[in-house]
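Trainee: I'll drop the sequence and a predicted model, then ask my questions.
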Amino acid sequence: MRREHDDVGRREREERRGDRTLEEPPGRRVHVTCYFIVTSFSVKRGYTRGVAKRYGQACPVAKSLEVIGDRWTLLLVRDLLPGARRFRDLEGSLKGIPPNILSDRLKRMEEHGLVARRFYSEHPPRAEYELTERGRDLGVVVGALATWGTRHVHRASELVHDDCGHPVELKYFCRRCATRVRGSTVRVARRRPGARRTA
């Protein structure tokens, strides 16, 4: 009896000292509950084509961004403005773009009528991409972004005229008044019935 009492006392002293070893007493079952705290996790999955943005606004800016607002799209327009390019050329000029994303952007641009694909080899099938008239009209958008960028976020560059090398500016021009106008006097308005679209 004394020996059994000493064994119990020894186990109690070991537990008080922080000994975490659990000995299962004869005839008893010890249940141990463990709790795990998850501090972080990550999920890796393949790329899936996302749903195009819809802003739900009757505004030409919002409608335009639904078409060209994705990452890389305007940079593709920028690189296609000089002329047709092949897939590997675009991949080389757009550092960091994954091939599947590039393929997706080109496909979307083709669906929206911004680029046309022309096969220059049938075996194996290889194509080059060039801007349509609709796509080339985005040149003024790229120019406006470049103007803003050189003024506010990348002052080391400037837009220049190829013929003389001097800086150029983008300005609004009113055909009715035959004069340049300030941007602060320009607004978006509903097209008048029978009004002719400007080129």
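Mentor: Received, thanks.
Trainee: Against Ile97, how distant is the residue nearest the centre of the chain?
Mentor: The chain has Arg71 as the residue nearest its centroid, 3.4 Å off, counting by C-alpha atoms, centre = their mean. The gap separating Arg71 from Ile97 is 9 Å, by C-beta to C-beta, to the nearest Å. In short, each C-beta sits where N, CA and C put it, glycine included.
Trainee: ok, now Thr147?
Mentor: Going from Thr147 to Ile97 by C-beta to C-beta gives 25 Å.
Trainee: swap in Glu169?
Mentor: Taken as C-beta to C-beta, the span from Glu169 to Ile97 is 31 Å.
Trainee: cool, and Arg78?
Mentor: Using C-beta to C-beta, Arg78 is found at 13 Å from Ile97.
Trainee: quick one, helices of this protein?
Mentor: 2-16, 60-68, 73-80, 87-93, 99-111, 133-136, 139-152 (DSSP state H).
Trainee: Let's have those in JSON lines, adding distance to Pro193 and mean neighbour count.
Mentor: Below are the helices of the chain laid out as JSON lines (distance: least, C-beta to C-beta, whole Å; neighbours: other C-beta atoms under 10 Å):
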{"stretch": "helix 2-16", "distance to Pro193": "91", "mean neighbour count": "10"}
{"stretch": "helix 60-68", "distance to Pro193": "18", "mean neighbour count": "14"}
{"stretch": "helix 73-80", "distance to Pro193": "32", "mean neighbour count": "20"}
{"stretch": "helix 87-93", "distance to Pro193": "42", "mean neighbour count": "15"}
{"stretch": "helix 99-111", "distance to Pro193": "31", "mean neighbour count": "16"}
{"stretch": "helix 133-136", "distance to Pro193": "24", "mean neighbour count": "14"}
{"stretch": "helix 139-152", "distance to Pro193": "26", "mean neighbour count": "13"}
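Trainee: Of the ones you listed, which is nearest Glu122?
Mentor: helix 87-93 (15.9 Å; C-beta to C-beta).
Trainee: could you dump the closest one to CSV, C-alpha only?
Mentor: The C-alpha coordinates for helix 87-93 follow below in CSV (Å, rounded to 0.1, in the frame of the first residue of the first chain):
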residue,chain,number,x,y,z
PHE,A,87,3.2,36.1,-80.2
ARG,A,88,6.8,35.6,-79.1
ASP,A,89,7.7,39.2,-79.9
LEU,A,90,4.8,40.4,-77.6
GLU,A,91,5.9,38.0,-75.0
GLY,A,92,9.4,39.4,-75.1
SER,A,93,8.3,43.0,-74.9
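Trainee: Report the distance from that helix to the chain centre.
Mentor: Between the centre of helix 87-93 and the centre of its host chain there is 18 Å, according to C-alpha atoms, centre = their mean, to the nearest Å.
Trainee: what does it contact?
Mentor: Residues from elsewhere that reach helix 87-93 (C-beta atoms under 8 Å, 6 or more residues apart in numbering): 76, 79-80, 85, 97, 99, 102-103, 106, 126-129.
Trainee: hmm, 7 Å instead?
Mentor: 76, 79, 97, 99, 102 (C-beta atoms under 7 Å, 6 or more residues apart in numbering).
Trainee: Thanks again, I'm all set now.
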